[in-house]
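Trainee: Sequence and predicted model, in that order:
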Amino acid sequence: MAKKLVLDFKVSENRRLNSEYVVLTVKTDEEIPSITAGQFAEIKVDGNADVFLRRPFSIQDVDYNNNSLKFLIQSVGKGTETLCNLSVGSTLNILFPLGNRGFSIAPKESRVLLIGGGCGIAPLMLLGKQLLAAGVKPEFLLGARDISALTQTEEYEAIGKTYYTTVDGSKGTKGFVIHHPVLWDESNQFDMIYTCGPDAMMKAVAKYAAKRNIECEASLENTMACGFGVCLCCVTESVKGHVCVCTEGPVFNIKDLKWQISE
């Protein structure tokens with residue numbers, strides 16, 4: 001994995017997707033190191049006296065030619081609200097790329113499914129592009145509570161075939177991602193599943209994959225206050241014992257997690 005850097009970035013675009021989500025594009029004068037899908041950044045939040053710690057975000061996309069990064073940010077508290085309201089030209093201090101294990105790349109010609117919910121769709125965009133570059137055609141299964149919460153659909157559809165679920169049925173299959181017919185059609189056989197999103201969603205996906213002997217990797221979204229294993233906020237239980245998600249992951253093969261994935 002690349003060396004960790006602390007750099008100042010300028011906001012080059014703040015694109016509001018809806019009342020909750022924005023995509024921040026930030027640019028630096030420094031050369032951006034190679035980034036593996038699944039790695040994340042810790043962003044310092046300035047201008048809010050109530051926010052003391054950096055906030056972790058998956059790196060959604062990277063443009064090496066322009067030395068820029070993209071982040072999908074949901075306004076859920078004071079820190080993220082401040083970031084969502086940044087104007088173009090604002091400076092952000094960013095520690096990156098963090099995480100010592102990103103998503104692996106499936107062998108060429110594999111059939112792979114990338115399953116995301118909420119902000120968990122973020123690292124799947126970069127993963128999809130890296131899979132394409134390796135000769136693997138990704139398929140996406142994205143879930144949300146309703147159609148208004150499904151964001152950047154055209155961008156994911158441009159990378160690969162995309163399926164949708166919404167809890168209220170306003171787009172795609174009604175229900176959760178685990179209910180989508182693509183998972184239950186006997187003619188479908190995936191070689192690899194990647195997932196990121198709420199724990200309950202990922203555990204359901206992991207259980208599905210384990211019962212069918214499908215390789216599966218999950219990017220955990222535990223609270224990560226420091227990003228390099230000092231604060232111990234992100235500890236999770238693995239087959240090796242308790243490990244820090246930020247240093248041992250954030251991506252794990254489900255076989256390495258002590259999730260209750262079998263009945």
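Mentor: Arrived safely, thanks for sending.
Trainee: low pLDDT regions in the protein?
Mentor: Low-confidence segments of the chain (pLDDT under 70): 1-2, 260-263.
Trainee: check contacts around the one residue sitting closest to the centre of the chain.
Mentor: Closest residue to the average C-alpha location of the chain: Pro123 at 3.1 Å, with CA atoms, centre = their mean. When contacts are counted by CB atoms under 8 Å, 6 or more residues apart in numbering, Pro123 is found next to Ala37, Gly38, Phe40, Ser58, Ile59, Gln60, Phe103, Cys196, Ser219. (Each C-beta comes from the backbone N, C-alpha and C, glycine too.)
Trainee: from the residues you listed, which two are the most distant?
Mentor: Gln60 and Phe103 (13.3 Å; CB to CB).
Trainee: thinking again about what came up before, excluding its backbone neighbours, what's nearest the residue nearest to the centre of the chain?
Mentor: Closest residue to Pro123 apart from its sequence neighbours, by CB to CB, 6 or more residues apart in numbering: Ser58 at 4.1 Å.
Trainee: Quick check: the one you found touching Ala122?
Mentor: Yes - Ser58 is within contact range of Ala122, at 4.2 Å (criterion: CB atoms under 8 Å).
Trainee: Need the overlap of contacts for those two.
Mentor: Residues touching both Ser58 and Ala122 (CB under 8 Å, 6+ apart) are Phe71, Leu72, Cys196.
Trainee: Who are the contact partners of the second one?
Mentor: So that's Leu72. Tyr21, Val22, Val23, Phe57, Ser58, Gln60, Cys119, Ile121, Ala122, Thr151, Gln152.
Trainee: swap the cut-off to 6 Å and go again
Mentor: Taking CB atoms under 6 Å, 6 or more residues apart in numbering, we find Leu72 in contact with Val23, Gln60, Cys119, Ala122.
Trainee: Could you verify that it is part of a strand?
Mentor: Yes - looking at Leu72 with DSSP: H, G, I helix; E, B strand; the rest coil, it is inside a strand.
Trainee: Could you check how far it is from His180?
Mentor: When distance is defined by CB to CB, to the nearest Å, Leu72 is 22 Å away from His180.
Trainee: For the stretch 151-263 of the chain, just list every one of the helices.
Mentor: Secondary structure of the stretch 151-263 of the chain by DSSP state H, counting those that start in this stretch: the helices cover 153-159, 199-211, 245-248.
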